[in-house]
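Colleague: model this:
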Amino acid sequence: MKTVNIGLFGFGLVGEGIYQVLNRKPQLNACISKIVIKHPEKQRNASASLFSTDARDILEDPSIDLVVELIDDPVAALQILLEAMNKGKSVITANKSMVASNLPLLMEVARNNGVSLLYEAAVCGSVPIIRNLEEYFDNDLITHVTGIVNGSTNFILTQMSKQGLEYETALLKAQELGFAESNPSLDVSGLDARNKLKIIILHAFGKLIRDEDICVKGINSITKFDLDYAREKNLVIKLLATCRVNKDGSMEEASVLPTFLPRYHPLRLTDNEFNGVLIGGELADEQFFYGKGAGRYPTSSAVLSDISAYRYNYRYEYKKDIVTVDQIQPVQKKCFVSFKKGQYFDFSRLGKIEEAYESDQYGYVTLHGPLDKILAECKQPGFSVICYSGQVVPLESHENSPPIALDIPTDYRLGPTESANSGLFAVGI
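Modeller: Numbers count the residues shown, from 1 in each chain. Next up, the predicted model:
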């Protein structure tokens, strides 16, 4: 088999990781012929002759078979991929924002030019989700996919819950270890997980979905109060990306939400930079995929897997009928809403309240209600929304539910040494 000549865009953590692995493993029959970078003044751990700042040195070189794009800029990444495919070159990318925002266009250009467009590394790092959805599950009716698809936020939540770190400290640690970007806003807001979920939905169900039809809540509002509540109830908080379909194949839910998981849930043990994904099918039931989702080498592993697949002329077949989803009906969820002292309002207009509590610093309610409405009403600073895992039970109308006032004076302040069985959150209504 002939050696694959690769043109590489970007030489950051992942790009350098790819270069190192290909140099160490000649049996892969792939070599990097040229690397295009943005900042030539930086010191690089590779021969200077490999580097260029001119994209044409890759795009117009007929000896380069495959373009691997690993840059941060989604606009530039899109232009690189489109031009490469239009010149008959196959492409591999890890840019989930660019892929998720341009799926129909990318699919059309790849098909028209008869080239491969591969992006396994854009979803769960080293965890092979896309190809399994395309190949292993292509004959099964997938009912749902749910999982931890962002290693950065999972690392932060793990450090907060198990090491007692404050949010800012845990975020800084994630950045120092290379699990989070210098600008982590896409990760902590849940938008990175939303982009990955859009790609998963296409390969799981054959559906193209709009950003606005995915309910998204990040982790940047989670407080120590929320973590203490979870510990008291023997729960853990994870940022879950979830999609599921109804029996008729229509979309039931698409969401990225902080979620309470009980002790028996397989995703509960997915900690730090690891990803975990559950794929549910009518025949296979649930399959659990687990592995590292952040860092240089996990992402490099997925890119290398795509390079290997390209050598065998692999392409995504998109075997399910591709349809565009116009709208998803709002889902009903059981949610935990915490708030700072003085921020309480009439939560009964959002749903059926099950439990309520207020101290001299914080308060919370648990309620069933329309998820989109709860998120919209509680998006101001000081509110935190965490959902409970599991299927949603249809609700009876709560339009006539009377307002419930909280007036529970207490001098209690949450402390780090409180017993998990002390019953501090046992106030119900």
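
Colleague: Which residue ranges of the stretch 101-250 of the chain form helices?
Modeller: Using DSSP state H, counting those that start in this stretch, the helices of the stretch 101-250 of the chain run over 103-113, 121-124, 129-131, 151-162, 167-176, 185-188, 191-205, 224-232.

Colleague: Give me the distance from the first one to the chain's centre.
Modeller: The one in question is helix 103-113. Here helix 103-113 is found 24 Å from its chain centre; the criterion is C-alpha atoms, centre = their mean, to the nearest Å.

Colleague: Now do I200, the pLDDT please.
Modeller: With respect to pLDDT, I200 scores 98.

Colleague: OK, contacts around it?
Modeller: Counting by C-beta atoms under 8 Å, 6 or more residues apart in numbering, I200 touches V123, I129, I130, L133, V145, V149, A241, C243. C-beta here means a position set from N, CA and C on the backbone, and glycine is covered the same way.

Colleague: just K207 next, same as before
Modeller: Going by C-beta under 8 Å, 6+ apart, K207 touches I201, M251, I322, V323, T324, V325.

Colleague: What is the neighbour count of the second one?
Modeller: Meaning M251. Each residue near M251 was counted by other C-beta atoms under 10 Å, and the total is 21.

Colleague: Leaving out the residues flanking it, which one is nearest to it?
Modeller: Nearest residue to M251, sequence neighbours excluded (C-beta to C-beta, 6 or more residues apart in numbering): I328, at 4.8 Å.

Colleague: tell me the SS of the one you found?
Modeller: For I328, the secondary-structure state derived from DSSP: H, G, I helix; E, B strand; the rest coil is coil.

Colleague: Wait, it touches S255, no?
Modeller: No - here I328 lies out of contact with S255, judged by C-beta atoms under 8 Å, at a distance of 9.5 Å.

Colleague: who has more neighbours, these two?
Modeller: Ranked by neighbour count (other C-beta under 10 Å), I328 and S255 place S255 first, with 27 against 21.

Colleague: contacting residues for the more buried one?
Modeller: Here S255 is in contact with I214, C215, V216, L240, A241, T242, C243, V331, L371, C387 (criterion: C-beta under 8 Å, 6+ apart).

Colleague: Next up, identify which helix or strand it is on.
Modeller: Element membership for S255, per DSSP states H and E: strand 251-261.

Colleague: Mind splitting the protein into its structural domains?
Modeller: Listed by automatic domain parsing, the domain ranges of the chain are 4-119, 137-291, 330-429.

Colleague: do you know how far S305 is from C124?
Modeller: 12 Å (C-beta to C-beta, to the nearest Å).

Colleague: Of the two, which one has the most company?
Modeller: When S305 and C124 are compared for neighbours, C124 comes out ahead with 33 against 18, by other C-beta under 10 Å.

Colleague: mind checking the SS state of the spatially closest residue to the more buried one that is not a sequence neighbour?
Modeller: Spatially, and ignoring its direct neighbours in sequence, C124 is nearest to N275 (4.5 Å; C-beta to C-beta, 6+ apart). Per three-state DSSP, the local secondary structure of N275 is strand.

Colleague: which ones are touching N275?
Modeller: Contacts of N275 (C-beta under 8 Å, 6+ apart): 124-125, 127, 147-151, 154, 289-293.

Colleague: So which bits of the helix or strand harbouring E355 are buried?
Modeller: Using DSSP H and E, E355 falls within strand 352-358. For strand 352-358, burial by neighbour count (16 or more other C-beta atoms under 10 Å) applies to K352, I353, A356, Y357, E358.

Colleague: what does stretch 26-38 give?
Modeller: Those would be A30, I32, S33, K34, I35, V36, I37, for stretch 26-38 by 16+ other C-beta under 10 Å.

Colleague: right, and out of these, which lies closest to P62?
Modeller: S33 (11.3 Å; C-beta to C-beta).

Colleague: Next one: that closest one from E60, what distance?
Modeller: 13 Å.

Colleague: Could you do Q163 as well?
Modeller: In terms of C-beta to C-beta, Q163 sits 51 Å off from E60.

Colleague: swap in C215?
Modeller: From C215 to E60 the distance is 44 Å (C-beta to C-beta).

Colleague: So these two - more neighbours on which side?
Modeller: C215 (23 against 11).

Colleague: Quickly list what that one is bridged to.
Modeller: On the basis of DSSP bridges, C215 is bridged to S255.

Colleague: per-residue confidence at it?
Modeller: 96.

Colleague: Help me confirm that it comes into contact with P370.
Modeller: No - counting by C-beta under 8 Å, C215 sits too far from P370 to count as a contact (10.0 Å).

Colleague: what is in contact with those two at once?
Modeller: Joint contacts of C215 and P370 (C-beta under 8 Å, 6+ apart) are V331.
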